[in-house]
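>>> Quick one, what's the 3D model for this:
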Amino acid sequence: MAGEDSKRIGENGEKMAQRFLRIIGWRNLLSNISIKCSSSTHRSGTGKQKESHGDDLVYLYNTPFHDDTTIVVHISVKNKGDGYAESDSDIRSEFKKHIKALEEIVECAQNDSTINSAINNFDSKENVQHIGMLLWLHSDKENVDQNILNIINNPKMKLELKETNIPYYIFDMSRVNFILSAIQDIEKRSCNKKYQFYFPKIGTSIKDGLDRKGDYIPIELMVSDMFFVIINGNDETKDEYYMYIRESFNENSFKYMISYALSAFSGIPNKIHIGFGDYNEAQHSSTVQTVRLNFSNRSEEIIPFSYNYDVLSLLEK
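You can find the predicted model right below:
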């Protein structure tokens, strides 16, 4: 019975992961690849040399933030049926185990013939970077927005895990649900019009003329807990510009995000919508007016909104 439950939980995790990745535009995924182990230091629980690693999902894209660079994302999917562990120490212990396994996968994948064949068949660039992504989910409805990043993202943990130079990124329930809520919101606001994700000029890219819009969200934006969307206009309407962030609304965060949005969109739009999950027009309108005074020399109209819907959303423009 326990084996059946474990299998069902694993299958549910794969299903949620694939659907989430499809929603953010990550398509043409490679799945369930057996990676031949190429390191003598990779040992099983019994101390034996590992023969292979299971690479759950792999996604390739040419990053818009670094010139001539292809990112190969190795995605490890973990799902718990009863939520994350209750104690911080247990969460950290599980996290270290998951990251160690992910680092081994990425390390050996760089020498794997199946992965290298996929890179050759892809429109890959001169530079190829392999990274790890831990998609750590659970199925506990009562704690669906649980944030564990503050538990595992601390200097002590980073020192304990610093065994390789392989970058890895963590997606817990809170981060995943932020992205899903924001995309659900833009789906409603777009009213069946085409929308694309916008790539601001960050990173080390210096080439001009690159297309700064696409149908996927790069991992570089998702782990910064913000992303940008343009709803494409038509002959009668203009493009609409949106910025979604995971921070709570307050005077400082709104002021900072206005500055960031103005810079990110490079003065293109005359109206920018900035979404906070907890924005409340009834409570925050005076703060909005105060903050806008800091940008009285700018002609752009800045419109805050909440991407979490309730009756108070009816107060917004």
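
>>> Would you map the helices across the chain?
In the chain, the segments counted as helices under DSSP state H are 2-23, 88-109, 113-121, 149-152, 155-161, 173-190, 219-222, 251-264, 281-292.

>>> how about these, which one is nearest S299?
Proximity to S299 (Cβ to Cβ) singles out helix 251-264 among the helices of the chain, at 10.7 Å. Yep, even glycine has a C-beta here, placed from its N, CA and C like the rest.

>>> Tell me which of the helices of the chain is the most buried.
With neighbours taken as mean count of other Cβ atoms under 10 Å, those reach their highest mean count in helix 219-222, at a mean of 20.

>>> Identify the residues contacting I217.
For I217, the contact set (Cβ atoms under 8 Å, 6 or more residues apart in numbering) comprises I24, G25, I179, F197, F227.

>>> Quick check: can you list the domain ranges of this structure?
According to automatic domain parsing, the chain comprises the domains 2-171, 177-315.

>>> mind checking how far the residue nearest to F265 when sequence neighbours are not counted is from K201?
Using Cβ to Cβ, 6 or more residues apart in numbering and skipping residues adjacent in sequence, the residue nearest F265 is Y241, 5.7 Å away. To K201, Y241 is 15 Å away according to Cβ to Cβ, to the nearest Å.

>>> So between these two, which is more surrounded?
More crowded of Y241 and K201, by other Cβ atoms under 10 Å: Y241, with 21 against 13.

>>> any idea of the pLDDT on that one?
With respect to pLDDT, Y241 scores 96.

>>> Quick check, it in contact with P269.
Yes - between Y241 and P269 there is a contact under Cβ atoms under 8 Å: 4.2 Å.

>>> any idea of the pLDDT on the residue positioned nearest the centre of the chain?
With distances taken as Cα atoms, centre = their mean, M222 lies nearest the centre of the chain, 2.9 Å away. pLDDT recorded at M222 is 93.

>>> Skipping adjacent residues, who's closest to it in space?
Of all residues not flanking M222 in the chain, I179 sits nearest, at 6.3 Å (Cβ to Cβ, 6+ apart).

>>> Please apply the same query to D88.
That would be I151: by Cβ to Cβ, 6+ apart, it lies 5.0 Å from D88.

>>> In contact with that neighbour: list those residues for me.
I151 touches D88, I91, R92, counting by Cβ under 8 Å, 6+ apart.

>>> And M226, by the same measure?
Contacts for M226 (Cβ under 8 Å, 6+ apart) come out as M243, Y244, I245, R246, Y260.

>>> now those residues in JSON lines, with distance to D123?
Below are those laid out as JSON lines (distance: Cβ to Cβ, whole Å):
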{"residue": "M243", "distance to D123": "29"}
{"residue": "Y244", "distance to D123": "29"}
{"residue": "I245", "distance to D123": "31"}
{"residue": "R246", "distance to D123": "32"}
{"residue": "Y260", "distance to D123": "31"}
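
>>> any idea which of the contacts of I217 has the most stuff around it?
The member of these surrounded by the most neighbours (other Cβ under 10 Å) is F227, with 25 neighbours in all.

>>> Is it correct that that residue is in contact with A182?
Yes - using Cβ under 8 Å, F227 is in contact with A182, at 7.2 Å.

>>> Mutual contacts of these two, please.
Taking Cβ under 8 Å, 6+ apart as the contact rule, F227 and A182 both touch Y244.

>>> ok so, going back, pull up the gap between the residue nearest to the centre of the chain and K188, please.
Counting by Cβ to Cβ, the gap from M222 to K188 is 21 Å.

>>> same question, T46
As judged by Cβ to Cβ, T46 and K188 stand 53 Å apart.

>>> and if you look at V106?
Taking Cβ to Cβ as the measure, V106 falls 37 Å from K188.

>>> Same question for I179.
Between I179 and K188 the distance is 15 Å, computed by Cβ to Cβ.

>>> One more: M243?
With distances taken as Cβ to Cβ, M243 is found 17 Å from K188.

>>> Would you point out the helix or strand in this structure whose mean pLDDT is lowest?
Here the helix or strand of the chain ranked lowest by mean pLDDT, DSSP states H and E is helix 155-161, holding a mean of 55.
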